[in-house]
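J.: Starting from these lines, generate the structure:
(chains A and B)
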There are 2 protein chains.
Amino acid sequence: MVKAEIISVGTELLLGQIVDTNAVYLSRQLATLGIDLYHRTTVGDNPQRVKTAVAEALQRADLVITSGGLGPTEDDLTKEMVSEVLTLPLVLDQASWERIQKYFKELGRPLTQNNQKQALIPRGGQALRNERGTAPGVMVAKDGKLVFCLPGPPEELEPMFQEQVLPRLKGKHGVIASRVLKIASLGESLLAEKISDLLEAQTNPTIAPLAGKGEVTLRLTARAESQKEADGLLAALEAELRRRLGDVIYGIDEDTLAGVVLNLLRVRGQSLATAESCTGGLLASRLTDEAGASDVFKQGVVTYSNRAKQDLLGVPQDLIAREGAVSPQVAELMAQGVRKAAGTDWGIGITGIAGPGGGTPEKPVGLVYLALAAEDGVEVRELHWPGARKLVKRRTVIFALDLLRQHLLRKEKGSRCRNN
Amino acid sequence: MVKAEIISVGTELLLGQIVDTNAVYLSRQLATLGIDLYHRTTVGDNPQRVKTAVAEALQRADLVITSGGLGPTEDDLTKEMVSEVLTLPLVLDQASWERIQKYFKELGRPLTQNNQKQALIPRGGQALRNERGTAPGVMVAKDGKLVFCLPGPPEELEPMFQEQVLPRLKGKHGVIASRVLKIASLGESLLAEKISDLLEAQTNPTIAPLAGKGEVTLRLTARAESQKEADGLLAALEAELRRRLGDVIYGIDEDTLAGVVLNLLRVRGQSLATAESCTGGLLASRLTDEAGASDVFKQGVVTYSNRAKQDLLGVPQDLIAREGAVSPQVAELMAQGVRKAAGTDWGIGITGIAGPGGGTPEKPVGLVYLALAAEDGVEVRELHWPGARKLVKRRTVIFALDLLRQHLLRKEKGSRCRNN
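T.: Residues are numbered from 1 along each chain as shown, chains lettered A, B, ... in the order given. The predicted structure is shown next:
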């Protein structure tokens, strides 16, 4: 099995001035090719450190791909260091030199002496054409090791990889396929418990749980000789996970929770309206991030003030005075009120204390009441969230969407909305 | 001079499944602190390779910061490997353990055995509180070397760095002070034109323009012996930039455009309501991201359907039929309608075509009408945005907030709202 490393060269990377999208691009390409990548290194434009990075990578790996440091200036020195490590002196590549001269002529720019440096490649190596810039890439092999030096600008690196590197690496190392399962409402550790034996036993396919932004994903990655075989491995593991986790898995790959909910409503010919207090429009905004949301999502109201709760949703002032704006009763009337006003099948009402102010001992920051109204009843949930204001908003929205999703799935199975 | 290295841990990084924004964030922070960063390494969730990476980094550098691998699962092993390299056994940190227990209790989720693993830290080290998740960070020093282990999710890593790492690194390496000037409504190239001589002449302070998410920021960074001297350098440059750019600069540092607008309204004792169609609640959500928004922001409606435009805002169906839902007339009536319904000083109405569907030759995707209503009139703007759905939403919201901000500033100077 081939082992690869990626070295990104550029002081601007280490200063955090640019994001290293090349490393991501190359990583993904290698994964698809079935080539193992165990290390990525970033170094600045310093000769000694570039040289050491190349030498160390060549000790550990069979294939090393560098990006950056092929420009015409003094501090562009990737090829120079690769040449030193491999002890292959740089020689002029005549075809590259002619191409560079032509490029400058077409641009009407004067050629500088530095540019000839760009046509130098390690002896025995092969220049890789650069259709979008002046720096040719380099492929050079020695002692069973293979090195590719690619230019830094992504718009030059990516086509060079596609057209000239990929064909040289393809089909030699099997395939890697992956699939992401998305989960909205189960903590990472609870999840780990349900599938800990699978996590421990994993070899091929592998399972990588990842938490973030209030959701959890499971990335399944299979390695095989053919795409078909890899797909088969993924399908078997996915079936096992779905058997254990059931419908807490809301989607795969590029699915979004809001998109899945809108689709479930769409196929049922149903519609939705929302009444938000503490989430302040985030639920509506998530829904309307999805193209075509207007088929299903009819209206949303953000009723921050008590007057708005009364005027738009018909929540009586005396009820608010008696129970408080943050109460199960108000959430329920908000959900029913917006459902009625909009004439939709479903209504969601949310009221809570997102913080940082406004909390009391009885009703602390993070307390949220969420109501889901349908024709046959209303379900009200009391939620308690730790964390800052935006996080309370985000988690509540995820919870609301997932609750509606669960109801839509259950209705499919013939059960009915629980009456609170 | 302190030398630092960053180690990013996670197989998902090497598979190219996610972009390593933590590395960029940490790189930038270290640059601002005046700490030299010579290497960044990425390794997968493999014990031996994480261990080697930590050991090698500690040989070359005085300060090592890791991100990722602090989760509750089997393949989260960063702390374990740091503990082995430093030969400091892992011990239970009682405060972290209590915090984790409390966190789960608040979430109402069962605690699993795995979670105790997250409360382990190398002996003699210090746990770093995680306000947004379960994994505490770690600070541990030995033999003149300092190691920080931070969690992988950026929303956990960034505040932990700001609140608990930064104060421990600051002020030891000379002083680097920086200030960010924020601009909502001026393109990056137009901006560069106005200040190109300053950009070319910059040495200390430096000016780094950065465009993203529909806004432009200018980061000014000064290096000096003392905080006072650095502040003086920054103040002089800021004054010059303000002289040239005027009030397109809406704020500095942590200011948000929505926060600035809410404050301008608050000091005037004025209030706001919003009626959104194509932005689908994003404007309301941005406003309610700000603590205390309820003083000023009274209500928002998301009127995706024509029925909602009529019911909630009083936009007549025949006007919509005649002019189209995306028209200056409808935007105007939405702004006036929501202002009247909510009894606020200001009303914003937005209607447009966010795409990808719904465009026509006369009304293409990206066309938006924005109306701002006050007691003395309505201003309507026609906007044309390139880009995808979410970008159209975001740019429209920024434009709307900045337009209101400009009006509030002009009113201060005695002018009045232009009647459309």
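J.: and A:L372, that's in a helix?
T.: No - checked against DSSP: H, G, I helix; E, B strand; the rest coil, A:L372 lies outside a helix; its state is strand.
J.: and the residue nearest to it when sequence neighbours are not counted, which of the three is it?
T.: Ranked by Cβ to Cβ, 6 or more residues apart in numbering or on different chains and with sequence neighbours excluded, the top spatial neighbour of A:L372 is A:E379, at 4.9 Å. In short, each C-beta sits where N, CA and C put it, glycine included. Three-state call for A:E379 (three-state DSSP): strand.
J.: again, but for A:T73
T.: Here A:T73 is recorded as coil under three-state DSSP.
J.: Could you pull up the residues touching it?
T.: A:N114 (Cβ atoms under 8 Å, 6 or more residues apart in numbering or on different chains).
J.: From chain B, how far off is it?
T.: A:T73 sits 18 Å away from chain B, going by Cβ to the nearest Cβ, to the nearest Å.
J.: And that residue, how far from A:T112?
T.: 10 Å (Cβ to Cβ, to the nearest Å).
J.: surely the residue nearest to A:L372 meets A:A400?
T.: No - contact criterion Cβ atoms under 8 Å: A:E379 and A:A400 do not qualify, at 11.1 Å.
J.: shared neighbours, those two?
T.: Counting by Cβ under 8 Å, 6+ apart, the residues touching both A:E379 and A:A400 are A:L372.
J.: Compare the two (neighbour count), which wins?
T.: Shown here are A:E379 and A:A400; by other Cβ atoms under 10 Å in any protein chain shown, A:A400 has more neighbours (27 against 18).
J.: Regarding that one, which helix or strand does it belong to?
T.: Using DSSP states H and E, A:A400 maps to helix A:389-412.
J.: how long is stretch A:83-95 end to end?
T.: Using Cα to Cα, to the nearest Å, the span of stretch A:83-95 from its first residue to its last is 19 Å.
J.: and stretch A:233-252 with chain B, contact?
T.: No - judged by Cβ under 8 Å from any Cβ of the partner chain, stretch A:233-252 stays clear of chain B, getting no closer than 12.7 Å.
J.: List the buried residues for that stretch?
T.: By neighbour count on 16 or more other Cβ atoms under 10 Å in any protein chain shown, the buried set for stretch A:233-252 is A:233-234, A:237-238, A:241, A:245, A:248-251.
J.: same check, this time on stretch A:179-190
T.: A:179-190.
J.: Ok, stretch A:103-110 next?
T.: In stretch A:103-110, counting by 16+ other Cβ under 10 Å, buried: A:Y103.
J.: Quick one: residues in contact with that stretch.
T.: Against stretch A:103-110 from outside (Cβ under 8 Å, 6+ apart): A:111, A:115, A:134.
J.: Can I take it that the first one is in a helix?
T.: Going back to what we said before, that points to A:L111. No - per three-state DSSP, A:L111 lies outside any helix segment and is coil.
J.: quick one: contacts for it?
T.: Contacts for A:L111 were tallied using Cβ under 8 Å, 6+ apart; they are A:100-101, A:104.
J.: circling back: greatest separation within the buried residues of stretch A:179-190: which pair is it?
T.: A:R179 and A:S189 (22.6 Å; Cβ to Cβ).
J.: ranges for the strands of the stretch 101-250 of chain A?
T.: A:120-122, A:126-128, A:137-142, A:145-150, A:175-183, A:206-212, A:215-224, A:249-252 (DSSP state E, counting those that start in this stretch).
J.: mean pLDDT for those: which is lowest?
T.: Of all the strands of the stretch 101-250 of chain A, the segment with the smallest mean pLDDT is strand A:206-212, scoring a mean of 78.
J.: Which of the contacts of A:L111 fall within helices?
T.: A:100-101, A:104 (DSSP state H).
J.: Give me the lowest-pLDDT entry from those residues.
T.: Model confidence across the ones in helices among the contacts of A:L111 bottoms out at A:F104, which has 80.
J.: in chain A, what spans have low per-residue confidence?
T.: For chain A, residues meeting the criterion pLDDT under 70 lie at A:1, A:107, A:171-173, A:187-188, A:412-420.
J.: for the residue nearest in space to the middle of it, helix, strand, or coil?
T.: Here the mean C-alpha position of chain A is nearest to the C-alpha of A:E254 (Cα atoms, centre = their mean), at a distance of 8.7 Å. What three-state DSSP gives for A:E254 is coil.
J.: Same question for A:L383.
T.: strand.
J.: what number of residues lie near it?
T.: With other Cβ under 10 Å as criterion, A:L383 counts 19.
J.: my read: it touches A:L367, true?
T.: Yes - using Cβ under 8 Å, A:L383 is in contact with A:L367, at 7.4 Å.
J.: list residues touching both of the two?
T.: A:G352.
J.: and the spatially most distant residue from the centre of chain A, what does it touch?
T.: Distance from the C-alpha centroid of chain A, by Cα atoms, centre = their mean, peaks at A:D318 (46.8 Å). Under the criterion of Cβ under 8 Å, 6+ apart, A:D318 has no neighbours.
J.: where does it land in three-state SS?
T.: Going by three-state DSSP: A:D318 is helix.
J.: Could you measure from it over to A:L333?
T.: Taken as Cβ to Cβ, the span from A:D318 to A:L333 is 12 Å.
J.: Residue numbers of the stretch 51-200 of chain A in contact with chain B?
T.: Counting by Cβ under 8 Å from any Cβ, the stretch 51-200 of chain A sits next to chain B at A:53, A:178, A:180, A:187-190, A:192-193, A:196, A:199-200.
J.: Now the phi/psi pair for A:L26, please.
T.: Main-chain torsions, A:L26, degrees, to the nearest 10: phi -70, psi -40.
J.: surely it meets A:E5?
T.: No - A:L26 lies out of contact with A:E5 (Cβ under 8 Å); the separation is 10.2 Å.
J.: Would you mind grabbing the residues shared as contacts by the two?
T.: A:I65.
J.: returning to that earlier point: so how far is A:T274 from the residue nearest to A:L372?
T.: Distance, A:E379 to A:T274, by Cβ to Cβ: 15 Å.
J.: Then A:G359?
T.: In terms of Cβ to Cβ, A:G359 sits 24 Å off from A:T274.
J.: what sits against A:V302?
T.: A:276-277, A:280-281, A:284, A:308, B:274, B:281, B:284, B:288, B:299-302.
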